[in-house]
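Student: have a look at this prediction, sequence included:
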Amino acid sequence: MEMENLGDGEESHMLNGSVSESLNTDRLTLEEGYEAEEAAGQEQEGFLQHVSSQKTQFTDFDGKTSFGMSVFNLSNAIMGSGILGLAFAMSNTGIILFVILLTLIAIMSAYSIQLLLKCSAVVGIRAYEQLGQRAFGPVGKILAALIITIHNVGAMSSYLYIIKYELPLVIQAFLGLTEPTGDWYLNGNYLIIIVSILIILPLALMKHLGYLGYTSGFSLSCMVFFLCVVMYKKTVIPCPLNTTHTVHNVYTNGYNTTEEEEERCSPKLFTFNAQSVYSIPIIAFAFVCHPEVLPIYTELRRATTKRMQNVANVSIFAMFVMYLMTALFGYLTFYGQVDSEMLHTYNKVDPLDKLVLGVRLAVLVAVTLTVPVVLFPIRRAIQQLICPGQDFRWWRHILIAVILLIAVNLLVIFIPNIKDIFGVIGSTSAPSLIFILPSIFYLKIVPREKEPLSSRPKIQAALFASLGFVFMIMSLTFIIVDWTTTGKSNIGGH
């Protein structure tokens, strides 16, 4: 009996050993298969093979934002107040030249996002500031954080300025008032504080950027309504404009005869004048979304560089169509009489037009819902500077948002005209975010043994960075010249 039990024990031990060995073999086979599949996926995306074993170092959680919501958020980040100045840009360049510039800058914006995503894939980092640190140490980190903060604070200020000056006029029109009454609810300073507390702050306190996908979608729908009205108004507004409400500027003064009126109402394919130099900055500012790319990438579901690049491509193409249609129909409505802020032109044609009033309200809603999206990268940049690597804390999350909104509100309230500041900030931060930083990060981060400096991708990145420096120097030069000759700048905010 003992021998029999011993035999059973040995048989059981041998069976367990066989099963264990089989399980280990299966596990090794699965691991090898998984590694092979992961390596193949990396090779298919065209990135360096040596990063396949790296893990993302800057993710607070597994991404849960869908592809569509990510497109909404990035499109909303691209769509800024700059859309209101694109018809003015077309009037100073001509239709064909404007289309060429818009196409080139859209392609350049997509290319610079590709450079950012490649850098992120190489080092496993999804934070703009951390890419700066990996490339140039603490100096690079501080520089990236400062540029993002300056640019986005300028963008937030431009949105609040629209609220400050447009919302009182909308309320006044709804109340049927022809003149301001001096009541508090028609005071723009009070209104931006109320909007900041009741609408912007609660949205800015969301823990994750992906939650703003719904508000971003609604914001974009408001801008689609704006585009539809611009297209409709082309069919009902005569040219030249009624002399009672004609927009007076350098293009309208001196036109009296019928021949001159016909000339005024003829579209120009190519135009170059003193204001043409502002067209490139206006178009470039309209595509700046780079501070929001990596935060959106972090929260993207099933995040890969290829999937995020598709998000960027869809968003940029959608905004390209929106910008082109808005500029074209706005220009074909007013031609050389279009104002640098197109809503002002409609207001001067007919201040009591209910449809235009609805458009102004839609634009107000759109820019209000865009402010929280722009605030997220600033808060992230500040956190990377003062508390990198620390766990999420609600008190810190709320405190930074409150301080930022207070600072921007004070800026908008106490500085009567910061248009020139926007011009300087935009001429430095926009080329830095679109051209310079992505290129120099790529040159520094991607190993030379994988891509030598003489390789085609590195040469393209170097030329791209050089183009950014040229653009920055030219923009600042033109602004300074304009200040010295006319005493003002004509560049609007993003």
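Tutor: Structure received.
Student: surely residue 239 is within a strand?
Tutor: No: assignment of residue 239 by DSSP: H, G, I helix; E, B strand; the rest coil gives coil, placing it outside any strand.
Student: ok, how many other residues are close to it?
Tutor: Using other CB atoms under 10 Å, residue 239 is surrounded by 15 other residues. To be clear about C-beta, it is placed using only N, CA and C from the backbone, and glycine gets the same treatment.
Student: what of residue 407?
Tutor: 13.
Student: over to residue 272. Which of the three states is it?
Tutor: Under three-state DSSP, residue 272 comes out as coil.
Student: for it, give me its contacts.
Tutor: By CB atoms under 8 Å, 6 or more residues apart in numbering, the contact list for residue 272 reads residue 93.
Student: next up, phi/psi of it, please.
Tutor: Residue 272 adopts backbone torsions of phi -140, psi 130, taken as degrees, to the nearest 10.
Student: same thing with residue 65?
Tutor: Residue torsions, per degrees, to the nearest 10, at residue 65 are phi -90, psi 130.
Student: how close does residue 68 get to residue 304?
Tutor: As judged by CB to CB, to the nearest Å, residue 68 and residue 304 stand 16 Å apart.
Student: those two: who's more crowded?
Tutor: residue 304 (17 against 12).
Student: hmm, residue 94 is touching residue 270, no?
Tutor: Yes: if you go by CB atoms under 8 Å, residue 94 and residue 270 touch, sitting 4.1 Å apart.
Student: looking at these two, which one has more neighbours?
Tutor: Ranked by neighbour count (other CB under 10 Å), residue 94 and residue 270 place residue 94 first, with 19 against 11.
Student: number of nearby residues for residue 128?
Tutor: The burial count for residue 128: 29, using other CB under 10 Å.
Student: ok, the closest residue to residue 216 other than its chain neighbours to residue 382 distance?
Tutor: What sits nearest to residue 216 in space, not counting adjacent residues and going by CB to CB, 6 or more residues apart in numbering, is residue 76, at 3.7 Å. Per CB to CB, residue 76 is found 21 Å from residue 382.
Student: who's more crowded, these two?
Tutor: The neighbour count for residue 76 versus residue 382, taken as other CB under 10 Å, is higher for residue 76 (28 against 18).
Student: buried stuff in the host helix or strand of the more buried one?
Tutor: Residue 76 belongs to helix 67-78 when assigned by DSSP states H and E. Neighbour-count burial for helix 67-78, counted by 16 or more other CB atoms under 10 Å, picks out 69-78.
Student: nearest to residue 463, out of the residues you listed: which one, please.
Tutor: residue 78 (24.2 Å; CB to CB).
Student: how about the contacts made by the closest one?
Tutor: Residue 78 touches 286-289, 315-316, 319, counting by CB under 8 Å, 6+ apart.
Student: from residue 320, how far off is it?
Tutor: 9 Å.
Student: now residue 93
Tutor: For residue 93, the distance to residue 320 - CB to CB - is 16 Å.
Student: the stretch 351-494 of the chain: helices as residue ranges?
Tutor: Using DSSP state H, counting those that start in this stretch, the helices of the stretch 351-494 of the chain run over 354-386, 394-414, 419-431, 437-445, 456-486.
Student: just those: most buried one?
Tutor: Mean neighbour count, computed with mean count of other CB atoms under 10 Å, is highest for helix 437-445 among the helices of the stretch 351-494 of the chain, reaching a mean of 23.
Student: other SSEs contacting it?
Tutor: Judged by 3 or more CB pairs under 8 Å, 6 or more residues apart in numbering; DSSP states H and E, the packing partners of helix 437-445 are helix 95-123, helix 128-174, helix 456-486.
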